[in-house]
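J.: This is a predicted model, with the sequence first.
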Amino acid sequence: MKVTGTEKTTSIRRLAALAALFLIGCVRPGEAGTLSQVLDNRDTFQAAREVARHAQKSETEEDTRFKLIPHLDEDQIRDPMRRCCLRAGILDSYLKIFNLLNDWRDYPRMSQLYADLERLSLDLKKAQCKVPLDQREDHAKQFDDKLKQMTREHGLNKALSEVDLLFMDLQDHCLPQTSP
């Protein structure tokens, strides 16, 4: 079986992401961990913020006028787990976007962010948050459709410029709510 350059690059990125997880202590051998470990991690939020800021430097004025991530109407969707799962569909799209990038070296802390978001996606799936591609909610489909309307480079950059917003949304909708 012949391995293509893209498959090799993806494998290397996944290996780097796994190594980053071990190095930052998010994953320990034999420990499943919890969903909130990634969402409560300030370092993950900082990595998302740095990647977004780096991408925002390349945005045009037109880019700043719209958002790829669709609005989530909490009045219509009252179930917190459903809101979380809607955002999880977008998270899965982001993981695919990261794999489309030609060079992660252009983005600070991308390996760590990818590893953390991949871990979060797995945790959400374990928490029964499964959004199959063929039955995706309109919410995630809106994101994908907006992205497809843009040129590849332009769309990738716009998505990365909003990765911190996605992370904050996931924190808002997926972390257990604590009573005051």
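T.: Everything's here; your move. Note that the structure is predicted; figures quoted are calculated from it, not measured.
J.: Do you know the pLDDT at residue 33?
T.: Residue 33 is assigned a predicted lDDT (pLDDT) of 45.
J.: Next: residue 55.
T.: pLDDT for residue 55: 91.
J.: Remind me which helix or strand it belongs to.
T.: Element membership for residue 55 (DSSP states H and E) is helix 42-56.
J.: Quick one: end-to-end length of stretch 65-79, please.
T.: Here the two ends of stretch 65-79 are set 30 Å apart, with distance taken as CA to CA, to the nearest Å.
J.: if we can go back for a sec, which other residues reach the helix holding residue 55?
T.: Around helix 42-56, the neighbours that count as contacts under CB atoms under 8 Å, 6 or more residues apart in numbering are 24, 38, 106-110, 112-113, 116, 157-158, 160-168, 171. All C-beta spots, glycine's among them, are computed from the backbone N, C-alpha and C.
J.: now do 6 Å
T.: Applying CB atoms under 6 Å, 6 or more residues apart in numbering, the external contacts of helix 42-56 come out as 38, 107-110, 112-113, 116, 157, 160-161, 163-164, 167.
J.: Give me the residue ranges of the chain where confidence is low.
T.: 1-36, 130-137, 177-180 (pLDDT under 70).
J.: Not counting its neighbours along the chain, what's nearest the spatially most central residue of it?
T.: With distances taken as CA atoms, centre = their mean, the residue of the chain nearest its centroid is residue 91 (3.9 Å). Counting by CB to CB, 6 or more residues apart in numbering, residue 121 is the residue found nearest to residue 91 once chain neighbours are left out, at 5.4 Å.
J.: for the helix holding residue 55, which positions count as buried?
T.: Neighbour-count burial for helix 42-56, counted by 16 or more other CB atoms under 10 Å, picks out 44-45, 47-52, 54-56.
J.: quick revisit: tell me the one among the contacts of helix 42-56 nearest to residue 126.
T.: Relative to residue 126, the closest of the contacts of helix 42-56 is residue 38; by CB to CB it sits at 12.3 Å.
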